[in-house]
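A.B. asks: what's the 3D shape of this:
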Amino acid sequence: MPTPRSQQISLTDTPYYHCVSRCVRRAFLCGNDEVTGKCYEHRRAWVEQRLLQLTQIFAIDVCAYAVMHNHTHVVLFVDSEQASAWSTAEVIKRWHLLYAGTLFTQQFSRGEVLIAPAIEQVEATAAIYRQRLQDISWFMRALNEPIARQANLEDNCTGRFWEGRFKSQALLDETALAACMAYVDLNPVRAAIAETPEQSVFTSIQLRIKAALNNEQPKTLAKFVGNPKQAMPKGLPFELTDYLHLVDLTGRCMRDDKRGFINNKLPNILIRLGISVDNWFALTHHFEGLFPSTVGKAHSIEHYCQQHHKRRQGISNSQRYFA
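C.D. replies: Predicted structure coming up:
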């Protein structure tokens, strides 16, 4: 029996999660159908546009994403502090960008005068919406459901477009976060549908590279803010240039089918995280299959499993690849 999503996601342990949604039967519903010759490539743009739109509504940032032909990867950061700082009006405004809300919330948003019991009901409803706007399950629902309806309408059919549940992995520390982001960003290179990261369409890495050429970072993605330090701003705890350099070199090695070689000097990000080159390639090739639901160094997984009374899974691979 699948573990309830509420037991898989614990913001007290980590705000970072890797989520994967797959098309039913892993059919190529977002790419080129080799049987009929029909092209569905435009659907990848639907997913990307919807994903980046949701980052402007939810208190959830996208750290990395890759929209493939039959599945999507997203690395998410849940920003609970941002959600807590929203006023009732802000919460309702954001929710109404996605859903109709209730009669009272609609009246409240129009500035109509409400009696005290109605205002109490609005406040109670806003509390529910506030929680949903920082909930990964609601984020994935808001991402996948409109795409499924749009695809079914285009195909003139009914039924499931996505598998019933998305896969979720908790990223417990910086090492897991860096490896997972690179794994996601390099999906097209690993699948041999792109030669280099900058040629990987519908990915966060291409978006970041384009922005970096103008000395900028994409406004729709989580920002790189540098290495950890006291009073550091909210964002990814790595240097942007280090990360881009590492992904580019790893992608070229993957393309050339050369394992265990990046350069004669490790990028700073690998040195700081203490990951060997061989282990880095194993992680960026097989990250999703190496760990069931929690990813991190052995002590991070140990602590997580003890706190949640879970059976330890992934410890041996953690000790091996994060050593």
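
A.B. asks: can you tell me the helix or strand for the spatially closest residue to Trp86 that is not a sequence neighbour?
C.D. replies: Of all residues not flanking Trp86 in the chain, Arg130 sits nearest, at 6.6 Å (Cβ to Cβ, 6 or more residues apart in numbering). (Glycine included, C-beta is placed from N, CA and C.) Element membership of Arg130 [criterion: DSSP states H and E] is helix 116-132.

A.B. asks: Enumerate the positions of that helix that are buried.
C.D. replies: Residues 118, 121-122, 125-126, 129-130, 132 are the ones in helix 116-132 that count as buried (16 or more other Cβ atoms under 10 Å).

A.B. asks: Including pLDDT and distance to Asn32, could those go into CSV?
C.D. replies: As requested, these are exported to CSV (pLDDT from 0 to 100; distance: Cβ to Cβ, whole Å):
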residue, pLDDT, distance to Asn32
Ala118, 96, 53
Gln121, 97, 50
Val122, 97, 49
Thr125, 97, 45
Ala126, 97, 45
Tyr129, 98, 40
Arg130, 98, 42
Arg132, 97, 36
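
A.B. asks: ok, those residues vs Trp95, which is closest?
C.D. replies: Tyr129 (4.3 Å; Cβ to Cβ).

A.B. asks: On the three-state scheme, Arg311 is what?
C.D. replies: Under the three-state scheme (DSSP: H, G, I helix; E, B strand; the rest coil), Arg311 adopts coil.

A.B. asks: Contacts only, for it.
C.D. replies: Cys305 (Cβ atoms under 8 Å, 6 or more residues apart in numbering).

A.B. asks: cool, and Asp155?
C.D. replies: Counting by Cβ under 8 Å, 6+ apart, Asp155 has no contacts.

A.B. asks: Distance-wise, check it relative to Phe202.
C.D. replies: For Asp155, the distance to Phe202 (Cβ to Cβ, to the nearest Å) stands at 20 Å.

A.B. asks: do Phe287 as well
C.D. replies: Where Phe202 is concerned, Phe287 sits at a distance of 19 Å (Cβ to Cβ).

A.B. asks: Next: Phe238.
C.D. replies: Counting by Cβ to Cβ, the gap from Phe238 to Phe202 is 23 Å.

A.B. asks: now do Lys210
C.D. replies: Distance, Lys210 to Phe202, using Cβ to Cβ: 13 Å.

A.B. asks: So these two - more neighbours on which side?
C.D. replies: The residue with more neighbours, out of Lys210 and Phe202, is Phe202; 22 against 12, by other Cβ atoms under 10 Å.

A.B. asks: Identify the residue spatially nearest to that one, adjacent ones excluded.
C.D. replies: Val67 (4.0 Å).

A.B. asks: what's the pLDDT at the one you found?
C.D. replies: Val67 carries a pLDDT score of 96 in this model.

A.B. asks: Quick check: longest helix in the chain by residues?
C.D. replies: helix 136-155 (DSSP state H).

A.B. asks: Just the buried residues of that one, please?
C.D. replies: So, applying 16+ other Cβ under 10 Å, buried residues of helix 136-155: 136-140, 142-144, 147-148, 151.

A.B. asks: hey, where'd the helices end up in the stretch 51-200 of the chain?
C.D. replies: 80-85, 88-96, 103-109, 116-132, 136-155, 174-185, 187-190 (DSSP state H, counting those that start in this stretch).

A.B. asks: Average pLDDT for the second one, rounded please.
C.D. replies: Mean pLDDT, helix 88-96: 98.

A.B. asks: buried residues in it?
C.D. replies: Neighbour-count burial for helix 88-96 [16+ other Cβ under 10 Å]: 88, 91-95.

A.B. asks: could you say what helices and strands that helix packs with?
C.D. replies: Counting contacts by 3 or more Cβ pairs under 8 Å, 6 or more residues apart in numbering; DSSP states H and E, helix 88-96 is packed against helix 103-109, helix 116-132.

A.B. asks: go with 10 Å
C.D. replies: helix 80-85, helix 103-109, helix 116-132 (3 or more Cβ pairs under 10 Å, 6 or more residues apart in numbering; DSSP states H and E).

A.B. asks: now the angle between helix 116-132 and that helix, please.
C.D. replies: Put simply, helix 88-96 runs at 60 degrees to helix 116-132, going by axes from the mean of the first three to the mean of the last three Cα atoms, to 10 degrees.
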